Each structure stands twice: as structure tokens, then as C-alpha cells.
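> can you look at this prediction? I've put the sequence above it.
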Amino acid sequence: MKNTLRMFIVGLLLFSTLSQAQESEFEDTPYFSGMPSYKIIDAADKEFDSYNFFNGKNCTTVEGKKFSRSYTLKEDEKPSSDLQISRNYAAAVKNMGGTVVFEGL
């Protein structure tokens with residue numbers, strides 16, 4: 001009985017360690033961090049790529065290093081609104097000395 005309980009506890013500790021490792025497998029980009037109630041589930045960094053940014057009237061293609069992150073809501077957390085997330089990114093751009101050229105969803 002003691003061995004069964006001991007193996008169960010070891011199994012729980014191993015599962016907990018593996019779960020924590022999976023959650024911390026990906027990191028935020030050097031420029032932006034995700035909302036506190038979300039975790040990164042996928043990430044891809046490319047040394048050189050392009051992206052089309054919409055400025056309210058047309059698209060501007062920017063080339064260079066590209067960071068991509070996919071987030072999901074953490075368990076038992078409340079989701080942020082689209083406006084809250086958008087404002088969070090706009091504030092980060094301004095704090096880095098950048099200019100927000102378009103705000104909208």
C-alpha cells in the first residue's frame with residue numbers, strides 16, 4: 001500500500017513538472033508580452049519574412065525578422081476584451097517610442 005501511494009505521489013510530481021515545462025516552453029517576444037491571463041501555446045520566429053500592415057487606408061509591407069505567438073486563455077481566467085488587448089499593444093508601441101498608425105479591430 002505504501003509503495004502504491006509513493007508511486008502515485010511520484011507520478012503526480014512528474015505530471016506537475018511536465019505540465020509546468022509545457023507552459024514555459026515558449027517565451028514572449030523581445031518587444032511584446034501577452035496578457036497576464038493568457039499563455040503561449042505556439043511560437044515561430046523567422047530570421048527574414050514579410051508582413052502586410054494595414055494603416056487604415058492601405059497595406060504597407062514590412063520585411064525583416066518576424067515573431068509569431070499564439071495564445072490561449074489560462075484555466076479559470078476571465079478573457080480580455082478585443083479592445084483591452086488592442087490598447088495593451090498600442091501602449092507597448094508608445095512605450096518603446098513608436099507611433100501607432102492605426103487603431104481599430
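Thanks, I have the structure now. These numbers come from a predicted model, not from an experiment.
> now the helices: where do they sit in this structure?
For the chain, the helices defined by DSSP state H cover 2-23, 82-95.
> between the ones you listed, which has the poorest mean confidence score?
For the helices of the chain, mean pLDDT drops lowest on helix 2-23, to a mean of 44.
> for the protein, longest strand please?
For the chain, the longest strand by residue count, based on DSSP state E, is strand 38-54.
> packing partners of it?
strand 59-73 (3 or more CB pairs under 8 Å, 6 or more residues apart in numbering; DSSP states H and E). Where C-beta positions appear, they are placed from N, C-alpha and C, glycine not excepted.
> what mean pLDDT does the strand it packs on get?
Mean predicted confidence for strand 59-73 is 95.
> name the residues that touch it?
Identification of contacts with strand 59-73 by CB atoms under 8 Å, 6 or more residues apart in numbering yields 26, 28-31, 34-35, 37-53, 79.
> give the PyMOL command for selecting the buried subset of those residues.
To isolate the buried members of the contacts of strand 59-73 in PyMOL, using 16 or more other CB atoms under 10 Å:
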select buried, resi 26+34+35+38+39+40
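> name whatever forms a beta bridge with Tyr38.
On the basis of DSSP bridges, Tyr38 takes part in beta bridges with Leu73.
> surely it and Lys74 touch.
Yes: counting by CB atoms under 8 Å, Tyr38 touches Lys74, with 6.4 Å between them.
> okay, and the common contacts of the two?
Counting by CB under 8 Å, 6+ apart, nothing touches both Tyr38 and Lys74.
> distance check, the nearest residue to Glu103 once chain neighbours are set aside against Asp76.
Closest residue in space to Glu103, ignoring its immediate chain neighbours: Ala90 at 6.0 Å, by CB to CB, 6 or more residues apart in numbering. Computed as CB to CB, to the nearest Å, the Ala90 to Asp76 distance reads 28 Å.
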